[in-house]
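> Got a predicted structure plus its sequence, pasted below:
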Amino acid sequence: MCLIKDLSSMPDIEDLHRICKGIAALEIVMCQDHRYRYYFYNSNWGDNKEIFQLINGCGSVRSGCNSNMMILFCSDGCVINGFDNCSYDDEIYYTFDDDGCIQWHKQNDKEKENILKMKEIVQGLPDVFQEFIKKSLESIRTTFCIWKTKDGKWSRSNMVGTQKDGSAEMLDILDKNPQKYVDFCQWYYQKSIPVDLVEKVYNGEALTLEMIQRLNSKIEDLSSVKDELNKMGYPHTL
């Protein structure tokens, strides 16, 4: 199994943005109870900033390991911060000084080998993403962080080794292959959905009533689906 994500397989920002919105739109159709969804999209996180998020916390109604991911889309580019509980060193923590800078600490002086340290994970992150990473660290912590400026390439800290960090698993669904979401639905929702419809949504095509009914024939409240799609800015004909 791949332990860390191969960045050469990452889509460009435009494709990633479209896929993330498509996945979040599909989640709205597949599961009307937001407490059970894995993927969410906030098109109004800040001024011209949008957030895609994976939430799978032990404290929620979702099952499984505590893994979370936040993806920021903004005019400067894109940054992805993820947290995998199995890859986290509980002895490392951080505070913010009066200037808002991150200060890193350990609960004891004992050194551990081959442990991912948050300070190393975000080393080299461009200044334009610092506001986001501070908020993201406060809410989900980190075991991996990758970024791409508008005219740059996908990057990560050169201090990160080859330890498992959760990135391979969490980013796998974003590789432009609609079958990945079909497989996810079969695993999590125990539902088989047409891959051709998922591909259309991945490509940003407007959701129609017929498409929605083919994806989820048991949907109960179309008005709430319409409202949520409007809120996230995904096109539809409802």
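Looks like it came in fine.

> next structured bit after the host helix or strand of Ile133?
Secondary-structure assignment from DSSP states H and E places Ile133 in helix 130-140. Using DSSP H and E, the helix or strand that follows helix 130-140 in sequence is strand 144-149.

> For the next helix or strand after that next one, what is the distance to the chain centroid?
Beyond strand 144-149 in the direction of the C-terminus, DSSP H and E gives the next helix or strand as strand 155-156. Here strand 155-156 shows a centroid-to-chain-centroid distance of 16 Å under the convention Cα atoms, centre = their mean, to the nearest Å.

> contacts for strand 155-156?
The contact list for strand 155-156 (Cβ atoms under 8 Å, 6 or more residues apart in numbering) reads Leu7, Ile121, Gly124, Phe144, Cys145, Ile146, Trp147, Lys148. Every residue, glycine included, has its C-beta placed from N, CA and C.

> Same list (those) but as a markdown table, adding neighbour count.
Listed next are the contacts of strand 155-156 as a markdown table, based on neighbours: other Cβ atoms under 10 Å:
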| residue | neighbour count |
| --- | --- |
| Leu7 | 14 |
| Ile121 | 24 |
| Gly124 | 14 |
| Phe144 | 27 |
| Cys145 | 27 |
| Ile146 | 23 |
| Trp147 | 25 |
| Lys148 | 20 |
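
> These: which two are farthest apart?
Ile121 and Lys148 (16.1 Å; Cβ to Cβ).

> so Glu50 sits right up against Ser43, yeah?
Yes: in this structure, Glu50 is within contact of Ser43 by Cβ atoms under 8 Å, at 5.0 Å.

> which of the two has more neighbours?
Using other Cβ atoms under 10 Å, the more surrounded residue of Glu50 and Ser43 is Glu50, with 20 against 15.

> Report the contact partners of that one.
Contacts of Glu50 by Cβ under 8 Å, 6+ apart are His17, Tyr41, Asn42, Ser43, Asn44, Leu72, Phe73, Cys74.
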